[in-house]
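1. Got a sequence here, can you model it:
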Amino acid sequence: KIRSFLGSGALLPGKMQAEIETAHTVREEEGQGARSSSAGRMARLGVTGHFGAITYGLSYRNAGKEFLVAPDQGKREVWGEWQAKMIRVRNTLTEVWTNVDRDPSRPQVRHMQERLSVFVAPPTWGEASLSYGRGLLSSNMLAQGVTLMRNQSHLLEGAYTFSDSKWSGRLSSTYTTTSDQLNSGQETKGFIHALTGTLRPVEGMTLVPII
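-> Alright, predicted model coming up:
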């Protein structure tokens, strides 16, 4: 059983919105109203606002391993977006980590990523985008038998998104490089090409082909 609280409101009238959520699992065998350990707790905070052509936001979420959605994971993110006519620029900084209870018997993995994207959406056409991202994947806590990890990555992606009343699709091509900082910078390169779509032939039915 999960008990939760969700609240939202305006911090600045018409300019900033905030939402907060807390939840905890209740073990019935421990008696009515008994709370679980930190493994069964979740906290979430989100703030969005705008100033002229700029929209910004921040979010934080920390969930123990007993939750079904993104369990045993923490995440914080800050983003900003500027838009003028058909051009939109968005910058995002994200950090994700596991083992939120810092159990010494298990490793903790952290992934930090920064991404800058430029979107162009001419009228009556789809939206084209070009993105650059860089990240660092590392293990901060070492359990017995776990190897230390520190990988740095770079990403360059071009994509085109299109849609209609009964279908939508996205075509993308991504180039990535990953270097192992603990093994003389050993580098791995890769290309990913993808075509994804959503088809709605009749009401109540959705098909999602992926190539």
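
2. List the contacts of the strand or helix carrying residue 81.
-> For residue 81, the enclosing helix or strand under DSSP states H and E is strand 73-84. For strand 73-84, contacts defined as CB atoms under 8 Å, 6 or more residues apart in numbering pick out 53-63, 88-98, 100. C-beta: built from backbone N, CA, C; applies to glycine.

3. Buried subset of those residues as a ChimeraX selection?
-> Command for ChimeraX that selects the buried part of these, burial taken from 16 or more other CB atoms under 10 Å:
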select :55,56,57,58,59,60,61,62,63,88,90,92,94,95,96,97,98,100
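
4. Out of the contacts of strand 73-84, list just those in strands.
-> Using DSSP state E, 54-63, 88-98 are the members of the contacts of strand 73-84 that sit in strands.

5. circling back to that earlier point, the strand holding residue 81 pairs with which strands, parallel or anti?
-> strand 54-63 (antiparallel), strand 87-98 (antiparallel) (DSSP bridges).

6. Now do the buried residues in the helix or strand of the chain with the lowest mean pLDDT.
-> Within the chain, no helix or strand scores below strand 2-12, which has a mean of 88 by mean pLDDT, DSSP states H and E. Of all the residues in strand 2-12, not one is buried under the rule 16+ other CB under 10 Å.

7. what's the next secondary structure element after it?
-> Downstream of strand 2-12 (by DSSP H and E), the next one is strand 16-25.

8. How far does that following strand sit from its chain's centre?
-> Distance of strand 16-25 from its chain centroid, counting by CA atoms, centre = their mean, to the nearest Å, is 17 Å.

9. Also stretch 91-109?
-> 14 Å.

10. Then stretch 84-102?
-> For stretch 84-102, the distance to the chain centre is 6 Å (CA atoms, centre = their mean).

11. Run through this protein and note the low-pLDDT ranges.
-> Residue ranges of the chain with pLDDT under 70: 28-37, 141-146.

12. Just give the nearest non-adjacent residue to the spatially most central residue of the chain, would you?
-> Centroid check for the chain by CA atoms, centre = their mean gives residue 94 as the closest residue, at 7.2 Å. The spatially closest residue to residue 94, leaving aside those adjacent along the chain, is residue 77, at 4.5 Å (CB to CB, 6 or more residues apart in numbering).
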